[in-house]
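A.B. asks: this is the structure alone, sequence omitted:
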């Protein structure tokens with residue numbers, strides 16, 4: 001009798017536990033259907049912009065995924081990666097390792113630009129979606145995820161990172177910039193698109209269709225509570241550099257499989273005195289002189305548009321020919337990805353054994369076409385005695401023909 005009573009009690013307890021589990025499952029399902037996911041505790045504090053796989057020729061060789069985020073979590077938060085296959089039918093989890101944390105002048109932004117790395121060497125399926133959870137939380141399919149990008153590998157390719165396209169861009173000047181990159185034998189330009197005027201958007205779409213441009217999204221509504229944007233009138237001193245760094249992180253991961261990469265804006269042109277391509281310059285001039293180099297930093301000649309047009313219409317580079325002496329200011333870099341550890345807009349940290357070289361006296365310089373900067377170093381901008389530089393007139397005819405042909409193809413003449 002005692003044995004029967006004992007078995008009866010066990011059955012009752014088992015039945016109660018079973019009902020409790022079913023109740024929890026139903027509750028979890030209802031919460032997911034209503035837009036609430038119990039494991040998704042980071043969606044309001046950690047903003048995932050994209051996830052990019054290790055640059056390998058085959059997906060089976062990929063060792064890790066890089067996640068680029070703006071992180072507003074508390075200090076020393078620990079996350080895990082939830083990695084899913086197609087249709088989230090397969091799942092793998094691993095620790096999220098901090099690859100890089102961006103710092104700008106010891107400022108404390110609301111959201112910090114970070115890169116997390118999730119290692120996937122041991123999984124047997126192709127990783128398609130990835131998300132982050134706080135350590136200990138389950139990897140429910142309802143967790144916020146992003147689709148993993150598998151970048152192209154171009155062992156001898158030249159890539160350009162144009163960071164973020166926003167607000168208004170002159171469509172003719174934009175075409176001129178792209179056509180110059182083509183003359184420099186650039187293989188891929190990467191830009192994150194926030195919002196832009198219609199004609200400039202059509203230009204971007206044109207070069208995307210030609211296979212030169214890769215466009216990745218940047219949200220129009222900025223994450224977090226800080227009111228800011230990329231326009232100079234809405235630039236936030238503490239936060240906006242972190243917002244911009246997301247684009248640099250994205251480019252770094254996307255162009256990891258290229259031979260060389262440079263980070264420049266749409267009003268900047270890398271100009272060699274003989275107009276040789278970036279790849280030729282690297283192989284025939286720079287690396288023979290500096291075989292241990294991971295990156296090269298260019299001096300900048302500022303072509304100040306406030307000084308007026310003194311050249312020939314209609315191209316930007318032929319109209320504005322008054323410049324400053326080359327300066328080591330607001331400089332930009334060309335770097336070799338396989339030799340480089342960390343990158344931001346103006347700085348490069350080489351891997352151990354390699355160096356960054358400042359090209360103070362070399363025959364290549366960055367041409368920057370812009371208005372007088374609003375800072376103390378340029379207080380007397382309008383009183384500087386400019387130098388007349390007609391170097392770009394050498395390319396004017398060829399560049400003009402290419403620009404007009406592209407305008408006709410786009411349909412915005």
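C.D. replies: Perfect, I can see it now. The shown structure was predicted, so the numbers you read here are calculated from the model rather than taken from an experiment.
A.B. asks: state the distance from residue 156 to residue 259.
C.D. replies: Between residue 156 and residue 259 the computed distance is 5 Å (Cβ to Cβ, to the nearest Å). C-beta: built from backbone N, CA, C; applies to glycine.
A.B. asks: so which of those two has more stuff around it?
C.D. replies: Applying other Cβ atoms under 10 Å to residue 156 and residue 259 shows that residue 259 carries more neighbours, namely 19 against 10.
A.B. asks: what about the more buried one, which helix or strand?
C.D. replies: Taking DSSP states H and E as the criterion, residue 259 maps to strand 258-263.
A.B. asks: note down every partner strand of that strand and its orientation.
C.D. replies: Paired neighbours of strand 258-263 in the sheet (DSSP bridges): strand 154-167 (parallel), strand 327-335 (antiparallel).
A.B. asks: tell me the helix or strand right after it.
C.D. replies: The first helix or strand that comes after strand 258-263 along the chain, using DSSP H and E, is strand 268-272.
A.B. asks: all strands for the stretch 301-413 of the chain, in order.
C.D. replies: Along the stretch 301-413 of the chain, the segments classed as strands by DSSP state E, counting those that start in this stretch run 322-323, 327-335, 340-343, 348-350, 355-359, 364-370, 387-388.
A.B. asks: average model confidence for the third one?
C.D. replies: Just to be clear, that refers to strand 340-343. Looking at strand 340-343 alone, the average pLDDT works out to 97.
A.B. asks: which strands and helices sit next to it?
C.D. replies: helix 240-254, strand 348-350 (3 or more Cβ pairs under 8 Å, 6 or more residues apart in numbering; DSSP states H and E).
A.B. asks: quick one, domains of this structure?
C.D. replies: Per the record, the chain has its domains at 46-149, 154-410, by automatic domain parsing.
A.B. asks: coming back round to it: which one of the helices and strands packed on strand 340-343 lies closest to residue 166?
C.D. replies: With distances scored as Cβ to Cβ, the stretch of the helices and strands packed on strand 340-343 nearest to residue 166 is helix 240-254 (10.4 Å).
A.B. asks: the closest one: how far from the chain's middle?
C.D. replies: Computed by Cα atoms, centre = their mean, to the nearest Å, the chain-centroid distance of helix 240-254 equals 4 Å.
A.B. asks: what's that helix in contact with?
C.D. replies: With contact meaning Cβ atoms under 8 Å, 6 or more residues apart in numbering, helix 240-254 is reached by 49-50, 52, 66, 68-70, 100, 102, 104, 107, 109, 111-113, 115, 149, 151, 159, 161, 163-164, 190-192, 214, 216, 218, 222, 228-230, 261, 263, 337, 340, 343-345.
A.B. asks: same check, this time on stretch 208-224
C.D. replies: Contacts for stretch 208-224 (Cβ under 8 Å, 6+ apart): 47, 49-50, 70, 72, 110-111, 149, 164, 166, 178, 181-182, 186-195, 204, 207, 228-229, 239, 243, 246-247, 250, 254.
A.B. asks: of these, buried ones?
C.D. replies: 47, 49-50, 70, 72, 111, 149, 164, 166, 178, 181-182, 186-194, 204, 207, 228-229, 239, 243, 246-247, 250, 254 (16 or more other Cβ atoms under 10 Å).
A.B. asks: out of the residues you listed, list just those in helices.
C.D. replies: Applying DSSP state H to these, the entries found in helices are 178, 181-182, 204, 207, 243, 246-247, 250, 254.
A.B. asks: nearest to residue 269, of those?
C.D. replies: residue 181 (8.9 Å).
A.B. asks: out of the strands paired with strand 258-263, flag the one nearest residue 276.
C.D. replies: Across the strands paired with strand 258-263 (criterion: Cβ to Cβ), the nearest stretch is strand 154-167, sitting at 12.2 Å.
A.B. asks: before we move on, back to that, mind putting the helices and strands packed on strand 340-343 into CSV with mean pLDDT?
C.D. replies: Formatted as CSV, the helices and strands packed on strand 340-343 follow (pLDDT from 0 to 100):
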stretch, mean pLDDT
helix 240-254, 98
strand 348-350, 97
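A.B. asks: and the ones you listed: which comes nearest residue 287?
C.D. replies: Of all the helices and strands packed on strand 340-343, strand 348-350 comes closest under Cβ to Cβ, at 13.9 Å.
A.B. asks: pull the residues that contact that closest one.
C.D. replies: By Cβ under 8 Å, 6+ apart, strand 348-350 touches 294-295, 297, 333, 335, 339-343, 356.
A.B. asks: now the buried members of the residues you listed.
C.D. replies: Using 16+ other Cβ under 10 Å, the buried ones in the contacts of strand 348-350 are 294-295, 297, 333, 335, 339-340, 342-343, 356.
A.B. asks: which among those gets closest to residue 321?
C.D. replies: Within the buried ones among the contacts of strand 348-350, the smallest distance to residue 321 is 24.6 Å, found for residue 297 (Cβ to Cβ).
A.B. asks: report pLDDT for the residue nearest to the closest one when sequence neighbours are not counted.
C.D. replies: Of all residues not flanking residue 297 in the chain, residue 358 sits nearest, at 4.6 Å (Cβ to Cβ, 6 or more residues apart in numbering). Residue 358 carries a pLDDT value of 95.
A.B. asks: and residue 358, how many neighbours?
C.D. replies: When neighbours are counted by other Cβ under 10 Å, residue 358 registers 14.
A.B. asks: report the contact partners of it.
C.D. replies: With Cβ under 8 Å, 6+ apart, residue 358 has these contacts: 296-297, 328, 331.
A.B. asks: ok, it to residue 89 distance?
C.D. replies: 52 Å.
A.B. asks: is residue 282 in a helix, a strand, or coil?
C.D. replies: helix (DSSP: H, G, I helix; E, B strand; the rest coil).
A.B. asks: got the contact list for the spatially closest residue to it that is not a sequence neighbour?
C.D. replies: Closest residue to residue 282 apart from its sequence neighbours, by Cβ to Cβ, 6+ apart: residue 260 at 5.5 Å. Contacts for residue 260 (Cβ under 8 Å, 6+ apart) come out as 158-159, 278-279, 282, 334-337.
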